[in-house]
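Generate coordinates for the sequence data below:
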Amino acid sequence: MIAAAVGAALLALLVAVELGQVPVRLPFPPGVEYDYMAEPPPGTLPLTWDAGFRVEDDSLPNNTKYILQDQIAGVETVAFGPEGWLGLVDKHGQIFMAEPDNQGGYAVTPHPLPWASPGRSLGAKFDANGDLLIANAPLGLLQLASPGDAQDQRLLLLTGRVSDESPLSAGYPIEFANSLDVAADGTVYFTSSTDVVPYRTASGYWETSDSVFVSLAKAQPSGMLLAYHPDNRSTIALMNDLWFANGVALAHDEGFVLVADSVQMKIRRYWLHGPKAGSSDVFYDKLPGPPDGISRSTDGQTYWITIYCGAEKLLAYSHIRLVRVLFSWMPRIMRLLGQDFPNIGILLRMNNEGEIVEVLGDKQGAVVSRVTSAFESEDGRLFLGSLHKRGVPVVDLKGARATKTG
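Take a look at the predicted model:
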């Protein structure tokens, strides 16, 4: 009788949770006030993706080499600088400048550079003045002026909140700056992924992946596409309905800007010019997994999109509250069990019409996996980002295309 009563009570509790009658606390970062699950916007759940997508190509393993493996780890984004230099920020926030050598490799310069900390620096890009712009969670948008100049270099916080005059999210804090791109007029388009902030782990680096899962469970989209205007130092929110705003890239003609929504597994497009200016639409729906980085290719017509991993089949039931609760705890449970998500490497290239024109893959994720960004150099190499790997993977595009399989 007691067992039956307990079972009935547990069943009633689960039903009450599913119906939203019992608030469920989510595993927010240590020291941050707990938040609760919300009712998702209509039509956004369950999540959908291209479940039939298969990585047929396996050309990446034999055409990828790592540089700087003994010097740097956890570089989310590679920034191309003046005279072929690379700007890099590791998982601890240390900034590096790498100079090309005569053998096609790179050497880290001995000049002392500041640390972009506290927090996790994710996106990075040089502006027209040669200053390094950095998207840092939870600080905001940073600028390293005169990088490499021991006397003149200085690290500045450009913005950490949305301006009061913004039509959307006025005064809202920018606690998860993630990716960025710079327009010809100096405007910086960047993302703030979510209001679920990263946290510092016992080992000293800042954990960001938990925020993706908690954002899904919370079901209250807070990701933003932002524009920072250096002339008046204003920060304007262009979009504020993204579940997890990630990679961002301007169109080749700067007519629109693309932004990845990692949770929804879509690429959104915000129009900057033309008859659709000020509006947004879906550039690509139902990707094979969560997109991370977006960048322009060197052909003037296409874009690179990185897929971090494959989609979990359980996401088909993400409209069920109990499933979302499970997902919110999944990263912590997997770390506790010493498990990780399956490795796979997927790089997509799309044209202006949102059509996939090329797929590069590493089926087993043996060499390339969980790619966070891809930036193409003028000499036909693709520099990849990673949250955890040592060094920087560099793909020989000519070799990969010559040995494509599938």
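
all helices of this protein, in order?
Remark: helices assigned in the chain by DSSP state H are 2-18, 209-218, 321-337, 397-402.

and the ones you listed, which one's lowest on average pLDDT?
Lowest mean pLDDT within these: helix 2-18, a mean of 51.

And residue 147, how close does it get to residue 98?
12 Å (C-beta to C-beta, to the nearest Å). Glycine gets a C-beta too; all of them are placed from N, C-alpha and C.

With neighbour numbers in mind, choose between those two.
Between residue 147 and residue 98, counted using other C-beta atoms under 10 Å, residue 147 has the larger neighbour count: 26 against 22.

Spatially nearest residue to that one, not counting backbone neighbours?
Distances taken as C-beta to C-beta, 6 or more residues apart in numbering place residue 132 nearest to residue 147, at 4.9 Å, with adjacent residues excluded.

okay but that neighbour is in contact with residue 116, surely?
No. In this structure residue 132 lies outside contact range of residue 116 using C-beta atoms under 8 Å: 9.1 Å.

Now list whatever residues contact both of these two.
95, 144 (C-beta atoms under 8 Å, 6 or more residues apart in numbering).

Looking at those two, which one has more neighbours?
The residue with more neighbours, out of residue 132 and residue 116, is residue 132; 27 against 23, by other C-beta under 10 Å.

quick one: contacts for that one?
Residue 132 sits next to 79, 81, 87, 95, 124, 125, 126, 143, 144, 147 when contact means C-beta under 8 Å, 6+ apart.

Those residues into a markdown table, with extra columns for distance to residue 238 and pLDDT?
Converted to a markdown table, these look like this (distance: C-beta to C-beta, whole Å; pLDDT from 0 to 100):
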| residue | distance to residue 238 | pLDDT |
| --- | --- | --- |
| 79 | 23 | 98 |
| 81 | 27 | 93 |
| 87 | 26 | 95 |
| 95 | 28 | 93 |
| 124 | 21 | 97 |
| 125 | 18 | 98 |
| 126 | 23 | 96 |
| 143 | 21 | 96 |
| 144 | 25 | 94 |
| 147 | 28 | 78 |
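
and of these, the nearest to residue 318?
Nearest to residue 318 among the contacts of residue 132 is residue 124, at 31.9 Å by C-beta to C-beta.

State the number of residues packed around that closest one.
By the measure other C-beta under 10 Å, the count of residues near residue 124 is 28.

Make 758 the starting number, not 1.
Fine by me, first position is 758 from now on; the one you just mentioned is residue 881.

any weak-confidence spans in this protein?
Scanning the chain with the threshold set as pLDDT under 70 gives 758-779, 785-792, 905-907, 1162-1163.

List the buried residues for stretch 817-828?
817, 818, 820, 821, 823, 824, 825, 828 (16 or more other C-beta atoms under 10 Å).

which strand of this structure spans the most residues?
In the chain, assigned by DSSP state E, the strand with the most residues is strand 991-999.

Name every strand pairing with that one and say which way it goes.
Sheet partners assigned to strand 991-999 using DSSP bridges are listed as strand 980-986 (antiparallel).

can I assume residue 946 is in contact with residue 981?
No. Between residue 946 and residue 981 there is no contact under C-beta under 8 Å: 11.0 Å.

Those two: who's more crowded?
The residue with more neighbours, out of residue 946 and residue 981, is residue 981; 30 against 23, by other C-beta under 10 Å.

picking that back up, in the longest strand of the chain, what counts as buried?
Buried residues in strand 991-999 (16+ other C-beta under 10 Å): 992, 993, 994, 995, 996, 997, 998, 999.

what does stretch 1046-1055 give?
Neighbour count says stretch 1046-1055 has 1046, 1047, 1048, 1049, 1050, 1051, 1052, 1053, 1054 buried, by 16+ other C-beta under 10 Å.

got it, and stretch 829-841?
Applying 16+ other C-beta under 10 Å to stretch 829-841 flags 829, 830, 831, 832, 833, 834, 835, 836, 838 as buried.

CA atoms of that stretch as CSV?
Backbone C-alpha positions of stretch 829-841 (Å, rounded to 0.1, in the frame of the first residue of the first chain) are rendered in CSV as follows:
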residue,chain,number,x,y,z
ILE,A,829,47.9,27.2,-27.1
ALA,A,830,44.6,25.4,-26.3
GLY,A,831,40.9,26.2,-26.7
VAL,A,832,41.0,28.8,-29.4
GLU,A,833,37.3,29.5,-30.4
THR,A,834,38.1,31.8,-33.3
VAL,A,835,41.1,32.6,-35.4
ALA,A,836,41.4,36.3,-36.4
PHE,A,837,43.4,37.3,-39.5
GLY,A,838,45.5,40.3,-38.9
PRO,A,839,47.8,42.7,-40.9
GLU,A,840,50.6,41.1,-42.9
GLY,A,841,49.3,37.6,-42.3
